[in-house]
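> here is a sequence together with a model predicted from it:
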Amino acid sequence: MTRPRLFDEATVLQDAMGAFRRAGFAGASIKDLADATGLTSGSIYNAFGDKEGLYRAAFSHYIDAVIRHRIETYVGEAGDLDGLEQLFLSLLRAPECDEHGCLLTNAAVEFGARPSVASEGLAQGFAVLEAAIRGGIERQIGGGQVELLVVRLLLLYQGILVLIRAGRNVSACQAVIRSEFEQLRKLLP
């Protein structure tokens, strides 16, 4: 019989997520993760199997708690250009706009396209993000430009996050986002 967990899993995953955002998968040791979560290394192994298991759980938590939550908050059911614009502007606020960046973007840079502990999270995270963008574009603009516009917006979204992670000044990004959505509104039927 297994013992019940004596910790709040959501809090642990939030703390682990932060550690992985700061250091990446390779840079976060079990000791770093124990320090970040308040768990012992034994508790990490018992609850998540190993560092990879904790990473996968933290990445999944990030997709739900950050990406999906942002999409629900800003884009919602309507999925219109105004909501998408607010989603993009939200990148300029924490947690994405701190020196640690977005876990999805960080994992894409750390692991690339090769099979890895991040593969499933990357596929799921990009699918969620792309679906939100595609939904808004299809509902509002439609036509034969959907694919091009989705890729263009995905490039803008991820480009902003890479600049943030690189510590670049992103003060002009708000004007760039507003300009992009102004151009998109000109395509409305």
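Done, it's in. Numbers count the residues shown, from 1 in each chain.
> show me where pLDDT drops low in this structure?
Applying pLDDT under 70 to the chain flags residues 1-5.
> list the contacts for the residue nearest the centre of it?
Nearest to the geometric centre of the chain sits residue 104, at 4.4 Å (Cα atoms, centre = their mean). Residue 104 makes contacts with 62-63, 67, 121-122, 125-126, 129, 161, as judged by Cβ atoms under 8 Å, 6 or more residues apart in numbering. Where you see a C-beta, it was placed from the backbone N, CA and C, and this is true even at glycine.
> where's it, which helix or strand?
For residue 104, the host element (DSSP states H and E) is helix 103-111.
> over to residue 87?
Taking DSSP H and E as the definition, residue 87 sits inside helix 81-90.
> ok, residue 182 next?
helix 173-185.
> and that helix, what does it pack against?
For helix 173-185, the elements it packs on are helix 81-90, helix 146-165, judged by 3 or more Cβ pairs under 8 Å, 6 or more residues apart in numbering; DSSP states H and E.
> what is the longest helix anywhere in the chain packed up against?
Identified as the longest helix of the chain according to DSSP state H is helix 119-140. Applying 3+ Cβ pairs under 8 Å, 6+ apart, one finds that helix 119-140 contacts helix 51-62, helix 81-90, helix 103-111, helix 146-165.
> restrict that helix to CA atoms and write it as PDB.
Coordinates of each C-alpha in helix 119-140 appear next as PDB, following Å, rounded to 0.1, in the frame of the first residue of the first chain:
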ATOM      1  CA  SER A 119       8.900  16.100 -27.000                       C
ATOM      2  CA  GLU A 120       5.400  15.400 -25.800                       C
ATOM      3  CA  GLY A 121       5.100  18.800 -24.000                       C
ATOM      4  CA  LEU A 122       6.400  20.700 -27.000                       C
ATOM      5  CA  ALA A 123       3.900  19.000 -29.300                       C
ATOM      6  CA  GLN A 124       1.000  19.600 -26.900                       C
ATOM      7  CA  GLY A 125       2.000  23.100 -26.100                       C
ATOM      8  CA  PHE A 126       2.400  24.200 -29.700                       C
ATOM      9  CA  ALA A 127      -0.800  22.400 -30.700                       C
ATOM     10  CA  VAL A 128      -2.800  24.300 -28.000                       C
ATOM     11  CA  LEU A 129      -1.300  27.600 -29.000                       C
ATOM     12  CA  GLU A 130      -1.700  27.100 -32.700                       C
ATOM     13  CA  ALA A 131      -5.300  25.900 -32.300                       C
ATOM     14  CA  ALA A 132      -6.100  29.200 -30.400                       C
ATOM     15  CA  ILE A 133      -4.500  31.300 -33.100                       C
ATOM     16  CA  ARG A 134      -6.100  29.300 -36.000                       C
ATOM     17  CA  GLY A 135      -9.500  29.400 -34.400                       C
ATOM     18  CA  GLY A 136      -9.500  33.200 -34.100                       C
ATOM     19  CA  ILE A 137      -8.200  33.600 -37.700                       C
ATOM     20  CA  GLU A 138     -10.700  31.100 -39.200                       C
ATOM     21  CA  ARG A 139     -13.600  32.700 -37.300                       C
ATOM     22  CA  GLN A 140     -12.800  36.300 -38.100                       C
END
